[in-house]
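A.B. asks: Provided below are the primary sequence and the corresponding predicted coordinates.
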Amino acid sequence: MPDSDELVRDDAPITSSKTIKPDAALSAEAVTIGRPAQELYDFWREPANLAAFMENIESIEPVDDRRSRWTVKAPAGTTVSWESIITDERPGEAIAWQSAEGADVDHKGKVEFLDAGARGTVVRAVIAYQPPAGTVGKVIAKIFQREPRIQSRRDLRRFKQLMETGEIATGARNRRIRDEREEDQ
Amino acid sequence: MKALTWHGKHDVRCESVDDPEILNPRDAIIRITSTAICGSDLHLYDGYVPAMKSGDVLGHEPMGEVVEVGPRSTLKVGQRVVIPFTISCGRCYHCRKQQYSGCENGNPADKQDIGREAYGQPMVAAFGYSHLTGGYSGGQAEYLRVPFSDVGPLVIPDDSLDDDKVLFLSDILPTGWMAAENAAIEPGDIVAVWGCGPVGLFAVQSAFLMGAERVIAIDHFPARLELARGFGAETVNYEQTKVYEALMDMTGGIGPDACIDAVGLEAHGAFADNIWDQVKVSTFLGTDRGHVIRQVILACRKGGRVSMPGVYGGFLDKFPIGALMQKGLTVRTGQTHVQKYLRPLYELVAEGKIDTTFLISHYGSLEDGPELYRKWHDEQDVYTKIVLKPGLEPQLAA
């Protein structure tokens, strides 16, 4: 038997490796969306569009072409805010970003738009997230109570719904019930 | 509006709840004219389905009249429509393959996690069938919000076809039809159908239309077996008869070419394996009772087909995987792709080749609903199908 580090890596993404713990702060999620890659990229690249499908977003305001200020809802009517910087972009293919230095929510990520032929586009998001420490950290942990993997999976599912169907599903019967359910989340 | 609401095991109420509204561009609001109680509603009534919340509105076999439309609905106010029980978008990978019950775009993202954990993939959205399938209000009510109304509802242009003739296009007729289609019936086949509830009876009818030479129908309710006999089926009453032995004899030792389990997770019957299953279900060691599917696999001929329209939800042990493999069986199952079958089945109904009205044994108002649920549960020999008509005078004494 060769040593484990001599083993040839398989073809699976590193984020599904057994050596990464389920609660580790690196996650990858993928969805297939039946729309062209360029259309999906263009929508995602516009910061004003992101709040439509991302949970808990209060606002995303562009600072310049590569930087934007994110404000996220926190418990008891408060908010948490940080600046996000696009670190790399390949039109129609990928966008990478990271939080500005000193941000309370220290993370970086990349979303790829991979042409999948007749299936449409595989949208794959990889998030690396540094769990926060300290008092502020506790508040933030409360907001990001779900592991980032579940959070990004839900965001991708909503992105898929919006781009494929033109709307985001709600099981509510009317506005009152929809608002109640949003409060519960 | 008035609606039938779920409040726990064997607790269904007729209550006043606030009306539905248009929430998304493709929505429509339907005023319900007819709405059936489904056999699978009994799984909710018996408390087998998790993620139900007190006050959830029941019902997934509705039809009615369009009263309001969102900006991207293609329906027009005043049209008569039958509503499929799944909420499918028509645009995603599964819908484009006509596998509408694989659609994930109707189920809100936060409701998808539990299906992903339990089944590896999220569940389709459906009306009135727990928060696993989206937490949508159901159609046993005066009004219903219908998402993706440009894709799902079937407009009934012909006023001469009354509600009773077309209502079952919403679920049980396509489900019985798909059950027979999944059995890949060839001319000359002998087909066995377990369960002569509505889906089983429609499967019997469909199997003959698809060329089956003989159909053997299995149940223990005499009235239901009589309905199957009316379509030309031979009947087996499992309270009088050993089913496996009978099937071997009736098929000359070969076994049925195709077997359809139209019963699912709440199989009745006092058989040793079933009693053990019931003990485990009641102690939460297992979730599904599996007597029927075990018997199906043992009885089916080698190289035969097993079709499973009956609903299962969780886990089953003592599953005869060895018999399945050694006999080379093909199993096909799944929630019904209603939207795929709506139009062709409507044509068969309009041409008079399929008549579903024989099934209806009782009508009621929404106010009769709680009592009719109890009767549907307790008196299945007499209550073969219940159709509720909002606005009807209550039929049962208070």
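C.D. replies: Thanks, I have it.
A.B. asks: And residue B:3, how far from residue B:81?
C.D. replies: 19 Å (C-beta to C-beta, to the nearest Å). C-beta here means a position set from N, CA and C on the backbone, and glycine is covered the same way.
A.B. asks: Looking at these two, which one has more neighbours?
C.D. replies: Each of residue B:3 and residue B:81 has its neighbours counted (other C-beta atoms under 10 Å in any protein chain shown); residue B:3 has more, 31 against 22.
A.B. asks: and after the helix-or-strand element of chain A with minimal mean pLDDT, which helix or strand comes next?
C.D. replies: Here the helix or strand of chain A ranked lowest by mean pLDDT, DSSP states H and E is helix A:134-143, holding a mean of 59. Going down the chain from helix A:134-143, the next helix or strand is helix A:148-165, by DSSP states H and E.
A.B. asks: Need the contact partners of that next one.
C.D. replies: Helix A:148-165 is contacted by residues A:25, A:27-35, A:39-40, A:43-44, A:52-55, A:107, A:123, A:125, A:127, A:129, A:144, A:167-169, B:26, B:89, B:91-92, B:104-105, B:109-110, B:112-113, B:122, B:148 when judged by C-beta atoms under 8 Å, 6 or more residues apart in numbering or on different chains.
A.B. asks: Any chance of the backbone angles for the closest residue to residue B:316 other than its chain neighbours?
C.D. replies: Leaving aside its chain neighbours, residue B:316 sits nearest to residue B:290 (4.2 Å; criterion: C-beta to C-beta, 6 or more residues apart in numbering or on different chains). Dihedral angles phi and psi of residue B:290 (degrees, to the nearest 10) take the values phi -120, psi 30.
A.B. asks: Tell me which residues touch residue 83, please.
C.D. replies: Went with chain A since none was named. For residue A:83, the contacting residues are A:63, A:67, A:68, A:69, A:70, A:99, A:100, A:103, by C-beta under 8 Å, 6+ apart.
A.B. asks: that's the wrong chain, I wanted chain B
C.D. replies: Residue B:83 neighbours (C-beta under 8 Å, 6+ apart): B:30, B:62, B:63, B:64, B:127, B:139, B:144, B:146, B:152, B:153, B:170.
A.B. asks: Backbone dihedrals for the fourth one, please?
C.D. replies: Translated: residue B:64. phi 180, psi -160.
A.B. asks: one step back: quick one, which of the contacts of helix A:148-165 are buried?
C.D. replies: A:25, A:27-29, A:31-35, A:40, A:43-44, A:53-55, A:107, A:123, A:125, A:127, A:129, A:144, A:167-169, B:26, B:89, B:91-92, B:104-105, B:109-110, B:112, B:122, B:148 (16 or more other C-beta atoms under 10 Å in any protein chain shown).
A.B. asks: Keep only those of those residues that are in helices.
C.D. replies: Applying DSSP state H to the buried ones among the contacts of helix A:148-165, the entries found in helices are A:40, A:43, A:44, B:112.
A.B. asks: re earlier: by pLDDT, give me the weakest of the contacts of residue B:83.
C.D. replies: Ranked by pLDDT, the contacts of residue B:83 bottom out at residue B:152, which has 93.
A.B. asks: Let me know the pLDDT of the residue lying closest to that one once chain neighbours are set aside.
C.D. replies: Excluding the flanking residues, the one nearest residue B:152 by C-beta to C-beta, 6+ apart is residue B:84, at 4.8 Å. Here, the pLDDT recorded for residue B:84 equals 98.
A.B. asks: Can you classify residue B:84 by secondary structure?
C.D. replies: Following DSSP: H, G, I helix; E, B strand; the rest coil, residue B:84 is assigned to coil.
A.B. asks: What number of residues are in the vicinity of it?
C.D. replies: Around residue B:84 there are 30 other residues, counting by other C-beta under 10 Å.
A.B. asks: Next up, the contacts around it.
C.D. replies: Contacts of residue B:84 by C-beta under 8 Å, 6+ apart are B:100, B:152, B:153, B:154, B:170, B:171, B:174, B:338, B:339, B:342.
A.B. asks: Please compute how far stretch B:375-392 lies from its chain's middle.
C.D. replies: Stretch B:375-392 has its C-alpha centroid displaced from the chain centroid by 15 Å (C-alpha atoms, centre = their mean, to the nearest Å).
A.B. asks: could I get that stretch in PDB with only the CA atoms?
C.D. replies: The C-alpha trace of stretch B:375-392 is given here as PDB (Å, rounded to 0.1, in the frame of the first residue of the first chain):
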ATOM      1  CA  LYS B 375     -66.300   8.100   6.700                       C
ATOM      2  CA  TRP B 376     -63.700   8.000   3.900                       C
ATOM      3  CA  HIS B 377     -61.400   6.600   6.500                       C
ATOM      4  CA  ASP B 378     -63.800   4.200   8.300                       C
ATOM      5  CA  GLU B 379     -66.200   3.000   5.600                       C
ATOM      6  CA  GLN B 380     -64.100   2.500   2.500                       C
ATOM      7  CA  ASP B 381     -66.400  -0.200   1.100                       C
ATOM      8  CA  VAL B 382     -69.200   2.300   0.800                       C
ATOM      9  CA  TYR B 383     -67.300   5.500   0.200                       C
ATOM     10  CA  THR B 384     -65.500   4.900  -3.100                       C
ATOM     11  CA  LYS B 385     -65.000   8.500  -3.900                       C
ATOM     12  CA  ILE B 386     -66.100  11.800  -2.300                       C
ATOM     13  CA  VAL B 387     -66.500  15.000  -4.200                       C
ATOM     14  CA  LEU B 388     -67.000  18.300  -2.300                       C
ATOM     15  CA  LYS B 389     -68.800  21.200  -3.900                       C
ATOM     16  CA  PRO B 390     -68.300  24.500  -2.000                       C
ATOM     17  CA  GLY B 391     -71.700  26.200  -1.700                       C
ATOM     18  CA  LEU B 392     -73.700  23.000  -1.800                       C
END
